[in-house]
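**Q** What would the 3D arrangement of this be:
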Amino acid sequence: MLFIAVHDEIASIPLEKVTWQNTIGALISCERKLEPEFASCYFPMYMSTASDVRDASSAANEKVEKNEVELSGRKDVYLRFKSLYD
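**A** Alright, predicted model coming up:
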């Protein structure tokens, strides 16, 4: 998945080579690309009249959220972001 690959790429940047563009900028760019795909997962959960579609959308949304929580807890990525402000 692109979101995981971007986090892996950020984590691999040596601390002395961290820039706004190759960390925060890369993550923002990735999120902008993926937001329509994420929206297509969770939008039917709120708008579909079919319960099976709502259930499938809810399940997909839970998987996306679980992945986001796991990625947001990565210490290696956090250290790259932190180094911008140290």
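**Q** Heading C-terminal from the host helix or strand of R54, find the next helix or strand.
**A** Taking DSSP states H and E as the criterion, R54 maps to helix 51-72. Next in sequence after helix 51-72, counting helices and strands by DSSP H and E, comes helix 75-83.
**Q** Could you list every helix and strand in contact with that next one?
**A** Applying 3 or more Cβ pairs under 8 Å, 6 or more residues apart in numbering; DSSP states H and E, one finds that helix 75-83 makes contact with helix 2-11. No exception for glycine: its C-beta is placed from N, CA and C like everyone else's.
**Q** Give the buried residues for the helix it packs on.
**A** Buried residues in helix 2-11, counted by 16 or more other Cβ atoms under 10 Å: F3, V6, H7, I10.
**Q** quick one: contacts of the following helix or strand past it?
**A** Next along the chain after helix 2-11, taking DSSP H and E as the criterion, comes helix 26-47. Residues from elsewhere that reach helix 26-47 (Cβ atoms under 8 Å, 6 or more residues apart in numbering): 2-3, 6-7, 9-10, 53-54, 56-58, 60-61, 64.
**Q** All set, thanks.
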